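*Asks:* can't give you the sequence, but here's the structure:
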Ligand code: TYD
Ligand code: MG
């Protein structure tokens, strides 16, 4: 009974406390918002977490003295993951790696562990999911048993967060991996592993362990089909960064993105390929997202995109067909379907392309998912090309945001995008005219840049101007 008294039920909506579970919340009236929580006055989750690891609080000081100061980084040796993190992991910080089961989270972290080992660091891999033998099997498959990882990494088959913390305090690893947060528990809480209360309390314990030991800590979080990591919002503010590993489990492409990053940008995209020997970084996507045919069929155009700091070429494909029955369909794969429907409406109203009674399908080549606004123009041109059954020259790229009035808006980093297109042999680019008063950016050698103000003009240039 003494154990129970330390726990309270906390409403996640209004923060009202209850001694026992009840529902709906007596204070705010919401259902399913009460979460069992440990009452511990000394703890303040999220407050000043992690920066600088085990460092104590510093007194106030002038802003100037902090200039150029940057959290120290430990690279994980996987270029794509390091870039998404902002240059590696920060000692004492806590990162949540989310993704669907089977997508490759454990594989990625085992490879990250190898990167740490190669750099001379030590790793504690706590797993409540798999046995030590299973992890060793995977390590062997990844070819890590002959390298430094075999000695630099300790395995701990444990789910109790306090015990994992004790092990970390004893061994002081550079990197602490907890696979997964859904299997982690704190003993003083009654709920089962994976419940919102257990997930949250375990994460809070591990965040404290990270801060105290200075270990860069990565928690694995399984994401359900609906895209939530158990107790999603409650975990997000407890950690310094949330990195999502996504991909089609039947394809080999995997993408990394930061949903939150206290130590870097959230714009970077990491590209990886799942192979027989683990995940391989795709550092130069080159033509990976382009269908390499001699002629480009009607309905296709290449877009020079800019994902974070990296330019990349992606082919947009569209198909337009008569609607067999009922309301016409707008189906997009890898891109925003709402945006697709909106562009179809703009094409009808502002460019006279009759798509009203047509089914529309659009996708990006290579199974990648992107939602850059600059995809508007290539998508609209692909639709116009598919509708008119007229191909767009295969050496033409197009980029730009489309407004509701059919006007084109400039995109950032145009020069870098066009340089990348020129590097891959494209010779013609349809782009938005620069804002009034601003200079057109110089076009790369060998590329004819056609700047247009409206969607109609862009369509004319794309379909007629060869
Ligand atoms: P895993 O890392 O176990 O996924 P998660 O931890 O996210 O649940 O990886 C799952 C899949 O990856 C599994 O189906 C096998 C595949 N795989 C490879 O294709 N190549 C490899 O080298 C490894 C280790 C796994
Ligand atoms: Mg796993």
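*Replies:* Received the coordinates, thanks. All values reported here derive from a predicted model rather than from experimental measurement. Ligands and ions are numbered 1, 2, ... in the order given.

*Asks:* distance check, residue 23 against residue 31.
*Replies:* 6 Å (C-beta to C-beta, to the nearest Å). The C-beta positions use only the backbone N, C-alpha and C, and glycine is treated the same way.

*Asks:* what of residue 354?
*Replies:* Distance of residue 354 to residue 31, computed by C-beta to C-beta: 48 Å.

*Asks:* ditto for residue 318
*Replies:* 43 Å.

*Asks:* and residue 201, by the same measure?
*Replies:* Distance from residue 201 to residue 31, counting by C-beta to C-beta: 22 Å.

*Asks:* the more surrounded of these two?
*Replies:* residue 201 (27 against 9; other C-beta atoms under 10 Å).

*Asks:* same question for the helix or strand harbouring the more buried one, mean pLDDT?
*Replies:* Assigned by DSSP states H and E, residue 201 belongs to helix 196-213. For helix 196-213, the mean pLDDT works out to 93.

*Asks:* equivalent analysis for stretch 421-431, please.
*Replies:* For stretch 421-431, mean pLDDT is 96.

*Asks:* over to stretch 148-160?
*Replies:* On average, stretch 148-160 scores 96.

*Asks:* just how off-centre is that stretch within its chain?
*Replies:* Chain-centre distance of stretch 148-160: 27 Å, with C-alpha atoms, centre = their mean, to the nearest Å.

*Asks:* what comes into contact with that stretch?
*Replies:* With contacts defined as C-beta atoms under 8 Å, 6 or more residues apart in numbering, stretch 148-160 is touched by 113-114, 116-118, 121-128, 131-132, 135-136, 139, 144, 164, 167, 171, 173, 183-187, 193.

*Asks:* now do the same end-to-end measure for stretch 133-148.
*Replies:* One end of stretch 133-148 sits 18 Å from the other (C-alpha to C-alpha, to the nearest Å).

*Asks:* may I see the buried residues of it?
*Replies:* Within stretch 133-148, the residues that count as buried by 16 or more other C-beta atoms under 10 Å are 135, 138-139, 142, 144, 148.

*Asks:* likewise stretch 269-280?
*Replies:* Within stretch 269-280, the residues scored as buried using 16+ other C-beta under 10 Å are 269-274, 278-280.

*Asks:* endpoints of that stretch, how far apart?
*Replies:* Taking C-alpha to C-alpha, stretch 269-280 runs 15 Å from one end to the other.

*Asks:* so does that stretch get close to ligand 1?
*Replies:* Yes. Against ligand 1, stretch 269-280 shows contacts by C-beta under 6 Å from any ligand atom at 274, 276-278.

*Asks:* tell me the bridge partners for the most centrally placed residue in the chain.
*Replies:* For the chain, residue 257 is the residue whose C-alpha lies nearest the centre (C-alpha atoms, centre = their mean; 1.9 Å). Judged by DSSP bridges, the bridge partners of residue 257 are residue 244, residue 269.

*Asks:* contacts only, for it.
*Replies:* 84, 243-244, 246, 266, 268-270.

*Asks:* nearest spatial neighbour of the residue of the stretch 251-400 of the chain found nearest ligand 1, skipping sequence neighbours?
*Replies:* Ligand 1 sits closest to residue 278 of the stretch 251-400 of the chain, with a gap of 4.1 Å, by C-beta to the nearest ligand atom. Distances taken as C-beta to C-beta, 6 or more residues apart in numbering place residue 142 nearest to residue 278, at 4.6 Å, with adjacent residues excluded.

*Asks:* verify the contact between that neighbour and residue 277 for me.
*Replies:* Yes. Look at residue 142 against residue 277 with C-beta atoms under 8 Å: they come within range, at 6.1 Å.

*Asks:* is residue 449 bridged to anything, and to what?
*Replies:* Here residue 449 sits in beta bridges with residue 429, going by DSSP bridges.

*Asks:* low-confidence ranges, the stretch 1-150 of the chain, go.
*Replies:* Scanning the stretch 1-150 of the chain with the threshold set as pLDDT under 70 gives 1-6, 12-15, 39-57.

*Asks:* now with 80, please.
*Replies:* Regions of the stretch 1-150 of the chain meeting the criterion pLDDT under 80 cover residues 1-6, 10-16, 30, 32-33, 35-58, 68-71.

*Asks:* before we move on, what about the stretch 151-300 of the chain?
*Replies:* For the stretch 151-300 of the chain (pLDDT under 80), the answer is 191, 224-234, 249, 292-296.

*Asks:* please list the residues of it that sit near ligand 1.
*Replies:* So the stretch 151-300 of the chain meets ligand 1 at 274, 276-278 (C-beta under 6 Å from any ligand atom).

*Asks:* want to try CSV for the residues you listed, with distance to residue 37 and secondary structure as columns?
*Replies:* Formatted as CSV, those follow (distance: C-beta to C-beta, whole Å; DSSP: H, G, I helix; E, B strand; the rest coil):
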residue, distance to residue 37, secondary structure
274, 38, strand
276, 45, coil
277, 43, coil
278, 39, strand
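
*Asks:* neighbours of residue 150, how many?
*Replies:* The number of residues packed near residue 150 is 14, by other C-beta under 10 Å.

*Asks:* ok, then the element right after the host helix or strand of it?
*Replies:* Using DSSP H and E, residue 150 falls within helix 149-152. Under the assignment DSSP H and E, the closest C-terminal helix or strand after helix 149-152 is strand 153-156.
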